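S.K.: Build the 3D model from these lines:
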Amino acid sequence: MPVKLIHTRRFGDDRGWFSETYHRPRWTADGAAEEFVQDNHSYSKHVGTLRGFHFQAPPHAQAKLVRCIRGRILDYAVDLRAGSPTYGRHVAAELSADNGDQLYIPVGFGHAFVTLEPDSEVIYKVSDVYTPEADGGIRWDCPTIAIDWPLPPGGPVLSDKDRALPHLADWDSPFAYDGAPLRPL
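M.R.: All right, here's what the predicted structure looks like:
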């Protein structure tokens, strides 16, 4: 299954709404065979908090299913599969508590997001547990990826880890191309 934007249906009434955010039989029928084994939750206090581009290398590579449950983010997936004709290209989608959309990011893609509102919370499912020795990333400002990030005047709020990540030109991909190029969302 490629990177995919999922519009989650909501059923509402005067109390609010209800939504199924994950339905394994439906996902399997659509071609996503991953079994998600860990849920992660991040809170970002400031507008312009940028996290990524993160991934885990094989044999602990992770597919992700990402949604924003509070606030608003711009969520990115970048193709990191060696030999891919779309290597280094990215797609992005706005995820928010209001729209309920989710982004599915398969193995072989880096993941990043930037917060567009204060006090944003993001939760995501992953298909393998966190493994420190497999943890990796690419710099958010890599000129090959060339993202025009929507940042506040003071620039991004970054972790020390994200400041120290390599550019694509200084990194060898452990991900193999599967024959399916990155497509627009």
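S.K.: Pull out the buried residues from the helix or strand of the chain with the lowest mean pLDDT.
M.R.: Every helix and strand of the chain was ranked by mean pLDDT, DSSP states H and E. The lowest is helix 24-29, at a mean of 80. For helix 24-29, burial by neighbour count (16 or more other Cβ atoms under 10 Å) applies to W27. Bear in mind the C-beta positions are built from the backbone N, C-alpha and C, glycine included.
S.K.: cool, stretch 121-134 as well?
M.R.: Neighbour-count burial for stretch 121-134, counted by 16+ other Cβ under 10 Å, picks out 121-128, 134.
S.K.: How about the secondary structure of the spatially most central residue of the chain?
M.R.: Nearest to the geometric centre of the chain sits H111, at 3.6 Å (Cα atoms, centre = their mean). Here H111 is strand, with the state taken from DSSP: H, G, I helix; E, B strand; the rest coil.
S.K.: What number of residues are in the vicinity of the residue nearest to it when sequence neighbours are not counted?
M.R.: Excluding its sequence neighbours, the residue lying closest to H111 (Cβ to Cβ, 6 or more residues apart in numbering) is I105, at 5.1 Å. Neighbour count of I105, defined by other Cβ atoms under 10 Å: 24.
S.K.: likewise P184?
M.R.: 6.
S.K.: And K4, by the same measure?
M.R.: The number of residues packed near K4 is 19, by other Cβ under 10 Å.
S.K.: Let me see the contact set for it.
M.R.: Counting by Cβ atoms under 8 Å, 6 or more residues apart in numbering, K4 touches 103-104, 185.
S.K.: Now do the same contact list for the residue nearest to the centre of the chain.
M.R.: H111 makes contacts with 52-55, 64, 66, 75-77, 105, as judged by Cβ under 8 Å, 6+ apart.
S.K.: G100: what secondary structure?
M.R.: Following three-state DSSP, the label given to G100 is coil.
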